[in-house]
Each structure stands twice: as C-alpha cells, then as structure tokens.
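K.L.:
What follows is a protein structure lacking sequence information:
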C-alpha cells in the first residue's frame, strides 16, 4: 500500500466512514503487549543477533532492544505498525516516565476502571513533534495529520484495540515500564534501533517473503491462538527457511498452560500440547514455562504461561537425527 492511501484510509476509519463489510484492509493497533514478554524473553539469546517479530504495539522491539538486539525486522499485517513504533520511540526519547504513561496509557489509567482523559494530549504531542520528525518523516506526517483531523480520545478509541491491562499487570510484563530505572535503560537501548518494516499477511500463500533475510530469533507471539492450527504450521514451515542454524522461533505464546495442563475442546486446538508435539514435528523443540501474571487472559487455576519453541539444528545434526 502507498503511504498516502494508508493515511487517507486511517483518517476515514477514525471518522467512522467505513462500514465493517465495506472495508477489510484496515487493521487496528495494540496499544501495549498482551503477553508477559518479561517472563520469557531472557531465555532467548538475542544480544547482537538478528530478529524478526510480529509487533503492532512496538513493545517487542523495545524489549528486544533492552536485551541488546539492534538488528530487527518487524513483519505485520497492520499498515500502521511502523508509525506507532516511531511515535513510541519519540515518546521514550522525549518524555520522562510519568509523561510517557500520561500520553500513551488510556484504559484503567490512572486507576482501575478509569480512562485517561489526557491520552494523546496535544501539549505532549507538540513536545515530541520535532523528535518524531527527525526519526521518520512518514510517521511525523501520519500523526501530525491525525492530530489535526481527529480528537485525541476518538483517535485512541478507533485506531486501537481495547486490550490494555491495568497498571499492576502491564508494568510487570513489560520490562521498560517496570520502573524509572528500566525506562531509562530502554531510552538508551532504543537510540540505535531502526527496524526494517515488512507489510505482509503471513497467512496468504501468495504473499512474497522476498524482503526477509535470515534471523537468529523469530517471534510469532500469540498469533497461533487466532489462526487455525493448519495455518500456523504452514507459517512456521515457511519462516523456518529464514531461521539460521541454532536459531530459535517462538511458535506460539500459550496463556495459563504448562506441560501438565489438561486440554479442553473449548480451547483453541493449539492448546492441545500432546497433539502439537506430533503435528508440529519437526518444528517443535520444547515448551518453556514461566510465571504467569494474574489478570491476563483466562486467569484460571494455572499460574504459568508457556511458549512453544522451535530450535533449528545444524545441517549435520539434522542428518544424524534421520539416520
């Protein structure tokens, strides 16, 4: 899509000019991550490595940067992903911790069941405009146009999904929001990170991935809980050719799940771990479980979340397994 088309469609969407059945090309952003990134990220060796991630919230990029991953590519079906990342980056570099929260937080902020009336305030946007202009001209034009055309609250409600956890959850799952010291670390880490953005629908068999290189870490987040299990395996198989030897792929984030969790057919099929080990072979290496956070997803009696991981072996090791 051309930039001008994306901008015009976004303005129309924010004004409510599209009917649901008229327009399928626009996709909303997530304001913040909806998974416990801090719970699993340190198990992956990403320092000075190359990564590919899906990330419409920008939080995957920031958390990877804090762990030393500078060479990043973001692949997403949402055409506004790049613009939101640079708005967040400008906010990190220009705002203090409290100002950042005041500008970006909306739901359940400053307290539970309260919405932030100062979200996307004009005064704070004016403060970061010069920084945004220097970082990325398209992102500057995108947001400057939207702030002129749409009220901040309408912009926040119509351009973003409503998934936004309360403070005690969001601050624990996102490394850069945990405290002022972590926020300062994120500011320093993000300076040299300017990801390559690839607009792609990974589920479309005709969507070319020629723009992708090879990576040491690929993160598919929780998309496998939205796609069919057949689609997820197809995407994993397709991306495995872009994974370096010894590289790791986060196949899917699973909420409230460990190896011993019983499967219920009320859940998505990817939660059937016994079947996954067979179905995803050879793209299932292990399940990594970590402390869950109360307030995320089903919030049932299980206290751990998990990620399905594929670790690509070297050619000679693959050959040995087949002997």
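P.N.:
Thanks, I have it. Predicted model only: the values in this text are computed from it and were never measured. Residues are numbered from 1 along each chain as shown.
K.L.:
Please, which helix or strand holds the nearest residue to residue 132 once chain neighbours are set aside?
P.N.:
Nearest residue to residue 132, sequence neighbours excluded (C-beta to C-beta, 6 or more residues apart in numbering): residue 90, at 4.1 Å. Heads up, the C-betas are built off the backbone N, CA and C, glycines and all. Here residue 90 sits within helix 81-94, counting by DSSP states H and E.
K.L.:
Can you name the element that comes right after that helix?
P.N.:
Trace forward from helix 81-94 with DSSP H and E and the next one is helix 97-104.
K.L.:
which element follows that next one toward the C-terminus?
P.N.:
helix 122-135.
K.L.:
Tell me which residues of that next one come out buried.
P.N.:
124, 125, 127, 128, 129, 131, 132, 135 (16 or more other C-beta atoms under 10 Å).
K.L.:
Helix or strand next in line after that helix, which one?
P.N.:
Assignment by DSSP H and E places the next element after helix 122-135 at helix 137-149.
K.L.:
In the stretch 1-150 of the chain, where is pLDDT below threshold?
P.N.:
19-26 (pLDDT under 70).
K.L.:
oh sorry, the question was meant for the stretch 151-300 of the chain
P.N.:
If you take pLDDT under 70 as the line, the stretch 151-300 of the chain has these spans: 297-300.
K.L.:
change it to 80
P.N.:
292, 294-300 (pLDDT under 80).
K.L.:
Let me see the ranges of the helices in it.
P.N.:
Taking DSSP state H, counting those that start in this stretch, the helices of the stretch 151-300 of the chain run over residues 152-159, 167-173, 180-190, 229-240, 273-279.
K.L.:
for the third one, packing partners?
P.N.:
When contacts are defined as 3 or more C-beta pairs under 8 Å, 6 or more residues apart in numbering; DSSP states H and E, helix 180-190 packs onto helix 59-66, helix 81-94, helix 97-104.
K.L.:
repeat that with 6 Å
P.N.:
Contact partners of helix 180-190 among helices and strands, from 3 or more C-beta pairs under 6 Å, 6 or more residues apart in numbering; DSSP states H and E: helix 59-66, helix 81-94.
K.L.:
who touches the shortest one?
P.N.:
What it means is helix 59-66. Applying C-beta atoms under 6 Å, 6 or more residues apart in numbering, the set of residues contacting helix 59-66 from outside is 32-33, 37, 41, 46, 51, 53, 55, 72, 174-176, 185-186, 189-190, 193, 195.
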